[in-house]
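Visitor: just to be clear, the model below is a prediction. Sequence and coordinates:
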Amino acid sequence: MGQLTLLDKIGYALLLVILGLGLYFAFTDANFFDNTYTREDGAVEYSTSIMLFFIALLCISRLRKLNKYKPLLWKLGVLGFALIFIFGAGEEISWGQRIFGIESGDFFKENNAQEETNLHNLVVGGTKLNKLIFSQLLMIVMLMYLLIMPILYRKKENIKNLLNKCAVPVVKWHHTIAFIMCTVLVLIIPSSRKWELYELAFGVIFFLIFLNPLNHYIFKKD
């Protein structure tokens, strides 16, 4: 399963506290859970954005340090992940729109479910992209990444080589177990605001994955 590092233990302990409090408030004070603990522009939402931004910074740092030692495919992989997590961090807080008091343009007022400047709340043909892409499609990708890919990495040498060349961090089994446990705990919560906690769990676990993956050696000098 892989030995837990100190940061792994801290991260999992933090998640346990956050989800534990979430479960407590969800069943004892639904109003507090919805309007304070997981509220829009609250600590949970901002923490998710920060965690995703930290992952992007980690990728950028590795790209800068190892740029001269790694092949093009590796660089493109790391850069791609950096851009993905910057996008995720920005989308989470609507690119700072509410923080800086920026008004949405006409396009987003007309086509965004929350009239905010972000893509995941866009409504296209009556379908909310958040439901179609950022929920259903993302869940499929997550299942492949957390369950299928680690098995293939361990059993198929060609898959292992490809993932290493593309700088794809491979999860350790404790990452997968942690995500499954977080999923179960979040699903117990009756409030629709529970997904804010799930997004934070995503951010923390993926930070731990990228920080110390199974194939950690791909982020060292050749």
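Guide: That came in fine, so what should we check first? Residues are numbered from 1 along each chain as shown.
Visitor: show me the shaky parts of the chain.
Guide: 1-2, 109, 113, 115, 118-121, 125-135 (pLDDT under 70).
Visitor: buried sites along stretch 67-84?
Guide: Neighbour-count burial for stretch 67-84, counted by 16 or more other CB atoms under 10 Å, picks out 70, 74, 77-78, 81-82. Just so you know, the C-beta spots here come from the backbone N, C-alpha and C atoms, and that holds for glycine as well.
Visitor: what sits against Leu211?
Guide: Listed by CB atoms under 8 Å, 6 or more residues apart in numbering, the contact set of Leu211 reads 7, 58.
Visitor: what is the burial count for the nearest residue to Leu214 once chain neighbours are set aside?
Guide: Nearest residue to Leu214, sequence neighbours excluded (CB to CB, 6 or more residues apart in numbering): Val170, at 4.3 Å. Residues near Val170, counting by other CB atoms under 10 Å, number 21.
Visitor: make sure I have this right: Gln114 is in a helix.
Guide: No: applying DSSP: H, G, I helix; E, B strand; the rest coil, one finds Gln114 to be coil, outside a helix.
Visitor: how far away is it from Gln97?
Guide: Computed as CB to CB, to the nearest Å, the Gln114 to Gln97 distance reads 10 Å.
Visitor: kindly report the same for Phe206.
Guide: Separation of Phe206 from Gln97 (CB to CB): 24 Å.
Visitor: who has more neighbours out of the two?
Guide: Phe206 (23 against 16).
Visitor: show the contacting residues for the more buried one.
Guide: 51-52, 55.
Visitor: repeat the analysis, applying 7 Å as the threshold.
Guide: Phe206 sits next to Ile55 when contact means CB atoms under 7 Å, 6 or more residues apart in numbering.
Visitor: so the residue nearest to Leu214: helix, strand or coil?
Guide: coil.
Visitor: close enough to count as contact, it and Tyr153?
Guide: Yes: counting by CB atoms under 7 Å, Tyr153 is a contact partner of Val170 at 5.0 Å.
Visitor: overlap in contacts, those two.
Guide: By CB under 7 Å, 6+ apart, the residues touching both Val170 and Tyr153 are Leu163.
Visitor: so who does Phe87 touch?
Guide: Per CB under 7 Å, 6+ apart, neighbours of Phe87: none.
Visitor: let the chain start at 166 from now.
Guide: Noted, 166 is the first residue going forward, which turns the last one into Phe252.
Visitor: quick check: the gap between it and Gln262.
Guide: From Phe252 to Gln262 the distance is 15 Å (CB to CB).
Visitor: how about the helices in this protein?
Guide: 171-193, 195-197, 208-231, 237-257, 262-265, 271-276, 294-296, 303-308, 314-320, 322-330, 338-353, 359-376 (DSSP state H).
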